[in-house]
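# after the sequence you'll find the predicted model.
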Amino acid sequence: MKHAVARGLALRGGLGFGRGMKNFLMLAFLSLGVCAGEAPVKLWPGKAPGETGEIGEEKDFSKPGEGLVAGKPLIRLGNVSEPTLQVFRPAKEKDTGAAVVVCPGGGYHILALDLEGTEVCEWLNSIGVTGVLVKYRVPARKERARHDAPLEDVQRAISLVRSRPGEWGIDAKRIGVLGFSAGGHLAAVASNAEKLSYAPVDDADKAGWRPDFTVLIYPAYLATKEQTVSPEVAVSERTPRTFISISQDDPVGVEGPLLYSLALKKAKVPFEAHVFPVGGHGYGLRRTEKPVTWWPDRVADWMKAEGLLKR
C-alpha cells in the first residue's frame, strides 16, 4: 500500500494536481508512517533549454499486468517536457545531512518513476539520506544526443540542491548522484562532464554541478561497440568516488561497467564494484531470492565506510 501511495504522490504531483489533492495524499502517506516527498520543484524558471514544442501529454505508458517486476507493476512515465525535482527527507532523528540525486532508467524513452525513483528515495530515507528524485526529459530529443537534455536537467538539479542546503538540511559537500540503466549512464556523464552543459540561468548555477560521489546500478551505454569507454563518460582524476553493481548475465552487457571500473583504477579514483553471476536487469530495489537484489546493503556499507553517513 505504501508504495502505491508513493507512486501516486510522485506522479500526480508532477502532473499538476491541485493543492487539495496534494495535501490529501500527503496526509495519507504520513498516516502510513512514511516520510512523503515534498511538492515537486520545477528545474527551470521558464522552459527548459531547447524546448520549442509540445511532445504530447505526460503520462504513464504502462499497461495492466505488463512487465511486472517482483510481481508488482511500475510507472513508465513518458513525454516529459517540464522536468522537476522532488525532495524526500528522512526522519529528523535519522538525518545525516547527506543527499543523493536519483536518476531513474528507461532507455532515455521513459522513466521507471517508482521502481527506480520513489522507492529508491524511500530506501535512502531509511539510512538517513535525503533522496532527490529527478524527473528529467524523455524521450530523447531529435537531432540531439540522447543524454543531452537529461544532462542539462541533472546538472541543474545538483546545482539547485547545493544552492539550498539550509532549506533542505543538506551538507553541500555530501551530494551524490545515483542512476539505474540509462539513468546510470546519465549519472556517469554528469560525474565526468568538464563544464556546465547550458548557459547559467540564475545564481543557483554558481553553486556547483559536479556530484561528490556516484552510485551506478546496472548502468547502460558505458562502452562503445569497439569495447572502449564511451567518450561522454571519459574518466579523469576529477571523477568522484564511485560504487558500481552489475550482474554477469545483464542483457545490457557487463563489459561497460568493467571497462569503466578499469578506467577509474587507471585514474586512481576510489571505487567499489560488485559483479554478481546472475540477476538480469531492471530490478530496482525489489528484492528476490537473487543476491544481486541486495545491492542496497552494499551501497549503505560503502557510504558508511566513506564517511558519507556521519551526522
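Great, that's in hand. Computed from a predicted model, the values in this text were never measured in an experiment.
# can you map out the helices along the protein?
Here the chain has its helices, by DSSP state H, at 2-14, 19-31, 119-126, 148-163, 165-168, 182-192, 255-266, 295-305.
# which of the ones you listed sits closest to residue 68?
helix 2-14 (13.2 Å; C-beta to C-beta). No exception for glycine: its C-beta is placed from N, CA and C like everyone else's.
# still on that earlier bit, okay, the helices of the chain, which one's buried deepest?
Greatest average neighbour count among these goes to helix 182-192 (a mean of 28), per mean count of other C-beta atoms under 10 Å.
# what is it packed up against?
strand 99-103, helix 148-163, strand 175-180, strand 213-217 (3 or more C-beta pairs under 8 Å, 6 or more residues apart in numbering; DSSP states H and E).
# tilt between that helix and helix 255-266?
With axes from the mean of the first three to the mean of the last three C-alpha atoms, to 10 degrees applied, the angle from helix 182-192 to helix 255-266 works out at 20 degrees.
# restricting to C-alpha, output helix 182-192 in PDB.
Output of helix 182-192 as PDB, limited to C-alpha atoms (Å, rounded to 0.1, in the frame of the first residue of the first chain):
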ATOM      1  CA  ALA A 182      20.100   4.700 -18.800                       C
ATOM      2  CA  GLY A 183      20.000   6.800 -15.600                       C
ATOM      3  CA  GLY A 184      23.300   5.200 -14.600                       C
ATOM      4  CA  HIS A 185      24.700   6.400 -17.900                       C
ATOM      5  CA  LEU A 186      23.300   9.800 -17.200                       C
ATOM      6  CA  ALA A 187      24.900   9.800 -13.700                       C
ATOM      7  CA  ALA A 188      28.200   8.800 -15.200                       C
ATOM      8  CA  VAL A 189      28.000  11.600 -17.800                       C
ATOM      9  CA  ALA A 190      27.200  14.100 -15.000                       C
ATOM     10  CA  SER A 191      30.100  12.800 -13.000                       C
ATOM     11  CA  ASN A 192      32.600  13.300 -15.800                       C
END
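# count the residues that sit near residue 45.
Using other C-beta atoms under 10 Å as the criterion, residue 45 is surrounded by 8 other residues.
# residues near the residue lying closest to it once chain neighbours are set aside, how many?
Distance criterion C-beta to C-beta, 6 or more residues apart in numbering; nearest residue to residue 45, sequence neighbours excluded, is residue 201 at 6.2 Å. For residue 201, the neighbour count with other C-beta under 10 Å is 14.
# ok, residue 188 to residue 223 distance?
Look at residue 188 and residue 223: by C-beta to C-beta, to the nearest Å, they are 11 Å apart.
# joint contacts of these two?
With contacts defined as C-beta atoms under 8 Å, 6 or more residues apart in numbering, the residues adjacent to both residue 188 and residue 223 are residue 260.
# in stretch 242-256, which of the residues would be classed as buried?
242, 243, 244, 245, 246, 247, 250, 252, 253, 254, 256 (16 or more other C-beta atoms under 10 Å).
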